[in-house]
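Undergrad: pasting the structure only:
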Ligand code: KG4
Ligand code: ZN
């Protein structure tokens, strides 16, 4: 196999990231600069995010190349996330990648950000084989996708309202925890009893693979209000563990029924919420007792990064699925194969 070196660029939300990998999924560098400017607002401010990307993109690409000990001439292709995300933020990465591809005369590869999350798994486990079921759980998306091959996939279900990460973050905000709430709740839950409070398991009995977290969020918000749960309350950890357990159980049970029904033996967890320790535990425990392989990326590769964008582009490079310079960013939601 001829070695191909790819520069990945990711600017879909509030992380400016550039990475260099090769077509064996070896990471030479993966630089992620998280924008702290949003902290005081308790959420991402889109216009500020775009401006920070403009300031950050060139130095971050430079650092990524330096750390990889390579120059732009050694790069064979440029991969960039084009959707979904904040349109102004995406535009910065796409415009930069287009300019670079044009000036270097190298192919440009457009990558769906959600697809990037799925293929982050290959960076540490390049031996993963199709078919597999991907559970994609991020701040903006909750989707269950069956992959027969790279270009042959079926969306089994998705959230009808809030994403799993969004539910974590909104409850975190109500509890005045630092943003984002997901990792904070995960940490608190480690000292709590997950059976202390029984929250509803939304849509668990419905015969489909769609998810809904808005009702659970309302029920948890009501509980916080009625029981005066806050950072000084002794029930905080039990609350966190029980709320987290409700989200995890819905994700887990729906995924397991989908793999059983479709006779799939491999599950890939993807997206920021795939860093959740309880989610990983329930899947690992199941896989230990059944004929199932479960993969998830290390914590750093679960959340937004450019190495995952470059990883998804390896398959597109092999198939020569290149973008032309008319490529535009779009905020269209969800998983798409471009
Ligand atoms: O994939 P990601 O970095 O960005 C999007 O594309 O949305 O995901 C961010 C989400 C946030 O909602 C964050 O709270 C959640 O991932 N998250 C977690 C954990 N780490 C990150 N949620 C639960 N437990 C965690 N350990
Ligand atoms: Zn993401």
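TA: Great, that's in hand. This structure is a prediction, so every number in the text was calculated from the model and none was measured. Ligands and ions are numbered 1, 2, ... in the order given.
Undergrad: can you name the next helix or strand after the helix or strand residue 118 falls within?
TA: Per DSSP states H and E: residue 118 is located in helix 113-124. Per DSSP H and E, the first helix or strand lying C-terminal to helix 113-124 is strand 132-137.
Undergrad: per-residue confidence averaged over the biggest helix by length in the chain?
TA: Determined from DSSP state H, the single longest helix within the chain is helix 236-262. The pLDDT scores in helix 236-262 average 97.
Undergrad: also stretch 118-133?
TA: 97.
Undergrad: quick one: the strands in the stretch 1-150 of the chain, in order.
TA: Under the criterion DSSP state E, counting those that start in this stretch, the stretch 1-150 of the chain carries strands at the ranges 5-10, 15-22, 27-34, 77-83, 108-112, 132-137, 142-147.
Undergrad: those strands: which one's closest to residue 304?
TA: strand 15-22 (4.5 Å; Cβ to Cβ). Backbone N, C-alpha and C define where each C-beta goes, glycine included.
Undergrad: need the strands of the stretch 1-150 of the chain in JSON lines (columns: mean neighbour count and distance to ligand 1).
TA: JSON lines is the format used below for the strands of the stretch 1-150 of the chain (neighbours: other Cβ atoms under 10 Å; distance: least, Cβ to the nearest ligand atom, whole Å):
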{"stretch": "strand 5-10", "mean neighbour count": "28", "distance to ligand 1": "10"}
{"stretch": "strand 15-22", "mean neighbour count": "27", "distance to ligand 1": "7"}
{"stretch": "strand 27-34", "mean neighbour count": "20", "distance to ligand 1": "10"}
{"stretch": "strand 77-83", "mean neighbour count": "27", "distance to ligand 1": "10"}
{"stretch": "strand 108-112", "mean neighbour count": "24", "distance to ligand 1": "11"}
{"stretch": "strand 132-137", "mean neighbour count": "26", "distance to ligand 1": "8"}
{"stretch": "strand 142-147", "mean neighbour count": "24", "distance to ligand 1": "10"}
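Undergrad: dump the ones you listed to CSV, plus distance to residue 60.
TA: CSV is the format used below for these (distance: least, Cβ to Cβ, whole Å):
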stretch, distance to residue 60
strand 5-10, 9
strand 15-22, 5
strand 27-34, 5
strand 77-83, 13
strand 108-112, 17
strand 132-137, 25
strand 142-147, 28
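Undergrad: related to what we said a few turns ago, strand partners (parallel or antiparallel) of the next helix or strand after the longest helix of the chain?
TA: Proceeding N to C from helix 236-262, the next assigned helix or strand is strand 266-270, under DSSP H and E. Strand 266-270 has the following sheet partners, assigned by DSSP bridges: strand 132-137 (parallel), strand 293-295 (parallel).
Undergrad: phi first, then psi, for the one residue in the stretch 51-200 of the chain that gets nearest to ligand 2.
TA: At 4.4 Å from ligand 2, residue 138 is the closest residue in the stretch 51-200 of the chain, using Cβ to the ion. Main-chain dihedrals, residue 138, degrees, to the nearest 10: phi -130, psi -170.
Undergrad: give me the pLDDT for it.
TA: 94.
Undergrad: and if you look at residue 314?
TA: 98.
Undergrad: correct me, but it touches residue 25?
TA: Yes. Assessed by Cβ atoms under 8 Å, residue 314 is found in contact with residue 25 at 6.8 Å.
Undergrad: who has more neighbours, those two?
TA: residue 314 (23 against 20; other Cβ atoms under 10 Å).
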